[in-house]
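Asks: here are the coordinates; sequence isn't available:
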């Protein structure tokens, strides 16, 4: 991590932690996905830190941030991040989020629009309610989440080395640099976030995205959530939103198509400075 800084900010009733690259540059806040932590952005941060003051935030329940039993709505997460941004004297900032982090970035824009001037949303868990594949019953959804939580609890009985070995087997296309922080994140996360995290449907939040926003999607056939059909609907619903599709990637787009992802992000962020 070189000379990256570590910060704790007391906000919204808890302590939030982040790593920061620093420097007199535009601030870019990175929000990770569920069960990840801020340092899961390490490879992307290294690619972008020459141009941005990057903050890799541990969301509540993750990393080194506090892990309360409750308070896992998108509005709760957004309030945490707003307090962090204000506590560090920043804003308006650029925000980039993956999965749950993308949902939380959208909530931050919707609830605290004065703090964000541009955003990148990497495969948020937005689904088309009319898609027959998204018609799971509440009981089926709960059973799936309970199984994921049990799997996480079992994983936390393993060593970091064992988790890394399993990760390499499950995700052979990831760069080796991704695994150490990912494994540490699995050991740090509060299992209760699986089942307690709540977020609104895309139809509720998309109209509230008041700043330039890039939606980055992968291929549904490889595990991405946002389909190309839904991406078109999202862009049609709000002229502030543009779309970049990274082919041959799944849900973890930046991990599976790193160079293309960074290029798309650079082009979007550079355009904001013109």
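Replies: On my side now, so go ahead. Since the model is a prediction, treat every value here as computed from it, not as a measurement.

Asks: Which single helix of the chain contains the most residues?
Replies: In the chain, with assignment by DSSP state H, the single longest helix is helix 138-155.

Asks: mind checking how far that one is from the chain centre?
Replies: Put simply, helix 138-155 sits 20 Å off its chain's centre (Cα atoms, centre = their mean, to the nearest Å).

Asks: Buried residues in it, which are they?
Replies: 149, 152, 155 (16 or more other Cβ atoms under 10 Å). Where C-beta positions appear, they are placed from N, C-alpha and C, glycine not excepted.

Asks: Equivalent analysis for stretch 86-100, please.
Replies: Judged by neighbour count (16+ other Cβ under 10 Å), stretch 86-100 contains these buried residues: 88, 92, 93, 94, 95, 96, 97, 98, 99, 100.

Asks: One more: stretch 220-231?
Replies: Neighbour counts over stretch 220-231 (16+ other Cβ under 10 Å) mark 220, 224, 225, 226, 227, 230, 231 as buried.

Asks: wait, which of the residues you listed is closest to residue 14?
Replies: Minimum distance to residue 14 across these is 28.0 Å, recorded for residue 225 (Cβ to Cβ).

Asks: and of the buried residues of stretch 220-231, the nearest to residue 271?
Replies: Nearest to residue 271 among the buried residues of stretch 220-231, counting by Cβ to Cβ, is residue 231 at 18.8 Å.

Asks: Paired strands for the one helix or strand residue 118 maps to, with orientation please.
Replies: Using DSSP states H and E, residue 118 falls within strand 116-122. According to DSSP bridges, strand 116-122 forms sheet pairs with strand 93-98 (parallel), strand 213-217 (parallel).

Asks: Could you export the ones you listed to TSV, including columns for distance to residue 28 and mean pLDDT?
Replies: TSV is the format used below for these (distance: least, Cβ to Cβ, whole Å; pLDDT from 0 to 100):
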stretch	distance to residue 28	mean pLDDT
strand 93-98	5	98
strand 213-217	13	98
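
Asks: how about the helices in the stretch 1-150 of the chain?
Replies: Taking DSSP state H, counting those that start in this stretch, the helices of the stretch 1-150 of the chain run over residues 42-48, 74-87, 100-111, 138-155.

Asks: comparing those, which gets the lowest mean pLDDT score?
Replies: Among the helices of the stretch 1-150 of the chain, helix 138-155 carries the lowest mean pLDDT, a mean of 92.

Asks: got the contact list for the helix or strand that comes right after it?
Replies: Once the chain leaves helix 138-155, the next helix or strand it forms, by DSSP H and E, is helix 160-170. With contacts defined as Cβ atoms under 8 Å, 6 or more residues apart in numbering, helix 160-170 is touched by 155, 158, 174, 179, 180, 182, 183, 184, 186, 187.
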